[in-house]
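Student: here are the coordinates; sequence isn't available:
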């Protein structure tokens, strides 16, 4: 028996024809980047700033934060993460990845170890939900506090401001802001500094591919800190990045932000699905793109598929460990960047003005062409078989190319391999309101590395070398 | 002598190398449509709604309102407008156009005659400023109250909500909302009705080209009225229009929203320029586009150039009357719609993905390609002479074409005439932050009527017939 209005994800699923049909037609459009204006100058030059000079990203609004506090917080997080917690200490952060009992990714967040017994999770909320469920139901001595993203209520003050400076001039700007050489911090370590008279945490971070810094602190101090950064950055050609350019920086640095949380079908997770409200990210998010399969499990991804194989450490017990041990020697997909042929990109983009309505290809919004929460566009080999998914597609003015972050079967992951992306949804498109009637087309692409941007690859190698030494 | 920081438009101009250089490099980007989200569904389908079903426009935020009250208000407005005030009564509205003493347009607004001695001006603020200056300095018995557009402070409540329903199903929706046949109102007359239990003014209006209605009333009643419209509109396929599609509706209905106010050079207006603050629309707005002349007067437009010749009535004395009487028998420009060749539009739009940065054409934002307050793109004849200006350019999915609202010399205004629009600014572009480095290109266009949309033309003829009868 189900109640009148579904209250939980499980109840939503029980009324749906199938999980895939539910999510494919859910009326949620592209992921929103709230509060920050679309452009401060123009999105082309804002992209150029992180490659050529220095830029300011404001990350204060589009992510959800979860604070975990208590003597059992460390153990709870360790028990849910594929990551090692050896040597993990206050003042460090990590990309934290939980998986389902079957070994499929639930999501990834940045996990900050703020102080003894206190952690902050930052990102899309599928990990927050999963961790909060365990905090609330396991009897562990853990309290939690959520700070939702700013879409529901853009006027509500957040708890934390979060800014990044990125680009070749970021080190000089940082030194100027600190009044001297910055502390010698390993990658993803943070410490306290003073900016504009405010106590600010400084994280060594290189999101857009070169040495950068993330500042975070009390939300009320944000305006003063931001003003100081922009003022000091003038001589280094700083640009404030709007929400249109912001979301594209990962096209160059290779992080796939939108795997479907693998929580819909596992019998072991029924209690979780009964705990998740009918308004949760997992219930209202939408699947989009050309890949359509009635088996929702076909959308699930392993840590290896997303480039997180290096994060798996069998040095502790965690949910999904046995499954990952079984999967580890099997073939995996590999994360790559698919580079659209320029004339193919032009054909898709200009179909708006050359074709009658209804006969155009799916509208390609610029600079980011996402139109659903979780995008899965089919990637085809010469035989027309689906060999992977293009999951994040947009235009990089720095690389002068349309790029798709993708995961493909390893035999198709060699640089230079020619593949096709199927652009647009079948049969005129889903019922998502972001989808106008359109026709599908196949687009030729070439496999490139992820990260695709040369500065990002170089920087990643530096970090890896520093960690080994 | 000038003070340290310019306080007035006149002081700003005195420090500028020239008016044109000042305005061409002013750091203001495209006109902003605040508060309303960019898209509710997607801008293509939102455009289709005003052609195929019915749409809801929310005009509550992007315009400035000026309330004028007092026994001299009528006479003051009449003295500043080219329009006739014969028979103008409470419950009527008109498109109100003041000109400079030299006969050039200062702007246009919708003027509502709310009740005896009380008027409301709605639109871009160049007319408000001009009227307010005279109200404040003429000694007339008039008080004024301004309600600024919502860009400066998006959270500040406005005084008036303003919604429109437009499209072929608008009459049915209106009848449903009113619970019976709507009052028999001539075009641009308004009366009081009740919606959702609120007292609402209903204006007969056809902005997107077919019979429509505008509702306005106490801002606090807006949410209830909007909810009632959207709920009642469901069965008629209503779509809520976001800010991206909103600004394009005039491409089809032929109103040019952005003439440069002709106030910078007239010696008679120096007192006005000393009264206008250095933060005024006229001081911070930007000129953009390929037409560049050191003579700012070359940007001024007569009422005939903008299609307002029919509004000029020499039945009263008004500022600029003598000049218009001299100009009336001279050749005028004519308002037209320039239809871009689809392959030319494709060439411009796709240069983003086919050309290296710096060598692309000016980025064509979709659906509206404006990047300055006042756009003046040169229109060329076969001999390469400038024969007019393209002033408002974007894409209509209904018409399946890129359209530019333009004013051209009358001998080039015949439908079917082939002309060229110069797209982009010379020498890599101005210093406006909205302008990335780019190259110019010439685009073939064909002259079409204004309004371009067939339903809009048909509706305009109906209104004209009704007025004659």
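Tutor: Yes, it's here. These numbers were taken from a predicted model, which means no experiment stands behind them. Numbering: from 1, shown residues only, chains lettered A, B, ... in the order given.
Student: for residue A:221, which three-state class applies?
Tutor: With DSSP: H, G, I helix; E, B strand; the rest coil as the basis, the three-state label of residue A:221 is helix.
Student: any idea what the closest residue to it other than its chain neighbours is bridged to?
Tutor: Excluding the flanking residues, the one nearest residue A:221 by C-beta to C-beta, 6 or more residues apart in numbering or on different chains is residue A:198, at 4.1 Å. (Glycine included, C-beta is placed from N, CA and C.) For residue A:198, the beta-bridge partners are residue A:195 (DSSP bridges).
Student: got a list of what residue A:198 touches?
Tutor: A:217, A:218, A:221, A:224, A:225 (C-beta atoms under 8 Å, 6 or more residues apart in numbering or on different chains).
Student: give me the element the closest residue to chain B within the stretch 101-250 of chain A is part of.
Tutor: At 6.7 Å from chain B, residue A:155 is the closest residue in the stretch 101-250 of chain A, using C-beta to the nearest C-beta. Residue A:155 belongs to no helix or strand when elements are defined using DSSP states H and E.
Student: is it fair to say residue A:216 lies in a strand?
Tutor: Yes: under three-state DSSP, residue A:216 falls within a strand.
Student: residue A:15: neighbouring residues, count only.
Tutor: 9 (other C-beta atoms under 10 Å in any protein chain shown).
Student: now the nearest residue to residue A:332 once chain neighbours are set aside: phi and psi?
Tutor: Excluding the flanking residues, the one nearest residue A:332 by C-beta to C-beta, 6+ apart is residue A:304, at 3.6 Å. Backbone torsions of residue A:304, given as degrees, to the nearest 10, read phi -70, psi -40.
Student: residue A:304: what's it in contact with?
Tutor: A:327, A:328, A:332, A:333, A:334.
Student: who touches residue A:291 in this structure?
Tutor: Residue A:291 makes contact with A:298, A:299, A:376, A:377, A:378, A:386, A:389, A:422, according to C-beta under 8 Å, 6+ apart.
Student: relative to residue B:100, which of those is nearest.
Tutor: residue A:377 (56.0 Å; C-beta to C-beta).
Student: beta partners of the closest one?
Tutor: Under DSSP bridges, the beta-bridge partners of residue A:377 are residue A:390.
Student: so it sits against residue A:388, correct?
Tutor: No: using C-beta atoms under 8 Å as the test, residue A:377 is too far from residue A:388 to be in contact (9.5 Å).
Student: so the helix or strand of chain A with the lowest mean pLDDT, near chain B or not?
Tutor: Here the helix or strand of chain A ranked lowest by mean pLDDT, DSSP states H and E is helix A:454-468, holding a mean of 81. No: for helix A:454-468, no contact with chain B is found by C-beta under 8 Å from any C-beta of the partner chain; the gap never falls below 15.8 Å.
Student: and what of stretch A:422-430?
Tutor: No: Stretch A:422-430 stays clear of chain B (C-beta under 8 Å from any C-beta), getting no nearer than 10.4 Å.
Student: re the thing from before, could you check how far the residue nearest to residue A:221 is from residue A:226?
Tutor: The spacing between residue A:198 and residue A:226, counted by C-beta to C-beta, to the nearest Å, is 11 Å.
Student: go on, residue A:63?
Tutor: Residue A:63 is 17 Å from residue A:226, by C-beta to C-beta.
Student: between the two, point out the one with more neighbours.
Tutor: Taking neighbours as other C-beta under 10 Å, residue A:63 and residue A:226 compare with residue A:63 leading, 22 against 19.
Student: so where's chain A uncertain?
Tutor: Segments of chain A classed as low confidence (criterion: pLDDT under 70) are A:1-3, A:206-211, A:469.
Student: so which residues on it come close to chain B?
Tutor: Proximity of chain A to chain B, by C-beta under 8 Å from any C-beta, involves residues A:29, A:38-42, A:44-45, A:48, A:155, A:340, A:342-343, A:345-346, A:349-350, A:352-354, A:356-357, A:363, A:366, A:371, A:395, A:397-398, A:400-402, A:433-436.
Student: whichever of the residues you listed end up buried, select them in PyMOL.
Tutor: To isolate the buried members of these in PyMOL, using 16 or more other C-beta atoms under 10 Å in any protein chain shown:
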select buried, chain A and resi 29+39+40+41+42+44+45+48+340+342+345+346+349+350+352+353+354+357+363+366+371+395+397+398+400+401+402+433+434+435+436
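Student: in helices, which of the residues of chain A next to chain B appear?
Tutor: Residues of the residues of chain A next to chain B located in helices (DSSP state H): A:44, A:45, A:48, A:342, A:343, A:345, A:346, A:349, A:350, A:352, A:353, A:354.
Student: identify the farthest-apart pair in those residues.
Tutor: Farthest pair in these, by C-beta to C-beta: A:48 and A:354, 29.0 Å.
Student: for chain A, which segments count as helices?
Tutor: Using DSSP H, the helices of chain A run over residues A:9-15, A:19-25, A:43-52, A:73-80, A:126-137, A:170-178, A:222-233, A:243-246, A:249-253, A:270-275, A:281-284, A:321-327, A:342-354, A:454-468.
Student: of all these, which lies closest to residue A:118?
Tutor: helix A:73-80 (7.2 Å).
Student: summarise which helices and strands the closest one is packed against.
Tutor: For helix A:73-80, the packing partners by 3 or more C-beta pairs under 8 Å, 6 or more residues apart in numbering or on different chains; DSSP states H and E come out as strand A:118-123, helix A:126-137.
Student: mind redoing it with 7 Å?
Tutor: Where contact means 3 or more C-beta pairs under 7 Å, 6 or more residues apart in numbering or on different chains; DSSP states H and E, helix A:73-80 is packed against helix A:126-137.
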